[in-house]
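**Student:** got a structure for you, letters missing:
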């Protein structure tokens, strides 16, 4: 199933706890995040937008690329896909993204015993 589409936040779990674990609690917003995904074969452009802020990454599955964190730091990673689930190892957390019916489900997990699991579900718009 192709990821291409525009998705608007429908629900999320552990949002504040996740931001706190990353030291980003001051970045908390009540705006609905819009995620725009463009997929061309194994190449993706993944953009998230709220008013006054846009964060975008471009990557090709199984190729090392330079990505940017929410804080604006750049890092290198290889984005993988298995069972129609995208996986990215960010410096402070692991992210997976998958389509479930017509919803984009993103799960981020911080490492360690007291790791925080943040889940965001967005509906296609």
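**Tutor:** Alright, I've got the coordinates. Because the structure is predicted, anything quoted here is derived from the model rather than measured.
**Student:** how about the helix or strand hosting residue 36: buried residues?
**Tutor:** For residue 36, the element it lies in under DSSP states H and E is strand 34-40. Of the residues in strand 34-40, 34-37, 39 count as buried by neighbour count, 16 or more other CB atoms under 10 Å. C-beta here means a position set from N, CA and C on the backbone, and glycine is covered the same way.
**Student:** Show me which of these is closest to residue 91.
**Tutor:** Distance ranking of these against residue 91, using CB to CB, places residue 35 first at 20.7 Å.
**Student:** The nearest residue in space to that closest one that is not next to it in sequence and residue 104: what is the separation?
**Tutor:** The spatial neighbour of residue 35 that comes closest, neighbours along the chain excluded (CB to CB, 6 or more residues apart in numbering), is residue 7 at 4.6 Å. From residue 7 over to residue 104 the distance is 4 Å, taken as CB to CB, to the nearest Å.
**Student:** Now the common contact residues for those two.
**Tutor:** Shared contacts of residue 7 and residue 104, defined by CB atoms under 8 Å, 6 or more residues apart in numbering, comprise 35, 37, 122, 124.
**Student:** for the lowest-mean-pLDDT helix or strand in the chain, packing partners?
**Tutor:** Sorting the helices and strands of the chain by mean pLDDT, DSSP states H and E puts helix 15-22 at the bottom, at a mean of 87. With contacts taken as 3 or more CB pairs under 8 Å, 6 or more residues apart in numbering; DSSP states H and E, helix 15-22 sits against strand 117-124.
**Student:** returning to that earlier point: which neighbours does the strand holding residue 36 have in its sheet, and in what orientation?
**Tutor:** Here strand 34-40 has these sheet partners by DSSP bridges: strand 5-13 (antiparallel), strand 43-50 (antiparallel).
**Student:** To residue 87, which of these lies closest?
**Tutor:** For those, the distance to residue 87 is smallest for strand 43-50, at 12.6 Å, taking CB to CB.
**Student:** Quick check: which element contains the residue of the chain positioned farthest from its centre?
**Tutor:** Centroid-distance maximum for the chain: residue 113 at 22.2 Å, with CA atoms, centre = their mean. Under the criterion DSSP H and E, no helix or strand holds residue 113.
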